[in-house]
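J.: Okay, structure incoming, though there's no sequence with it:
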């Protein structure tokens, strides 16, 4: 008996096991993406549930799940309204910035208040707050809404 005839079934079993693990991982990522997307959609209408972190998590999960789920997610209105401008043109409208900054700021403020007995936690939350305000307020360019609504290519301008 030669060594090739022994190695061939072992190699085939390894390939099959790898495909099963890949398929299982795809289902897990897809399921996590759907749950995150559902929570993000609920956050779009419920005032205390944040939308942005869940949609970011959904984007992360769908990108690792399957091309079909990722394409579906990118075609949703929620994705378009929250992230498309940021991801494709590196800019956002003022309304999109406010929709992102206000709920996150409120949640960070609540976290800051609840962490009163933990000074290190308060410092971390304060640093995150400053970071998100600086990034979205000053580093992400602001779109002119008229350019987007007129069907012309998006133009970005930096606010002073």
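T.: Done, it's in. Computed from a prediction, not measured in an experiment: that's the story for all the values here.

J.: tell me which element the closest residue to residue 76 other than its chain neighbours falls in.
T.: Nearest residue to residue 76 in three dimensions, chain neighbours excluded: residue 37, at 7.8 Å (Cβ to Cβ, 6 or more residues apart in numbering). Where you see a C-beta, it was placed from the backbone N, CA and C, and this is true even at glycine. Using DSSP states H and E, residue 37 sits in helix 3-45.

J.: Please give me every residue in contact with the residue nearest to residue 76.
T.: By Cβ atoms under 8 Å, 6 or more residues apart in numbering, residue 37 lies in contact with 54, 55, 58, 62, 73, 76, 78.

J.: Show me which of these are buried.
T.: 54, 55, 58, 62, 73, 78 (16 or more other Cβ atoms under 10 Å).

J.: can you pull out the strands in the protein?
T.: For the chain, the strands defined by DSSP state E cover 91-92, 141-143, 156-157.

J.: which stretches of this structure have low pLDDT?
T.: 1-21, 82, 145-160 (pLDDT under 70).

J.: Could you find the residue nearest the spatial middle of it?
T.: residue 56 (1.2 Å; Cα atoms, centre = their mean).

J.: distance of that one from residue 62?
T.: Computed as Cβ to Cβ, to the nearest Å, the residue 56 to residue 62 distance reads 11 Å.
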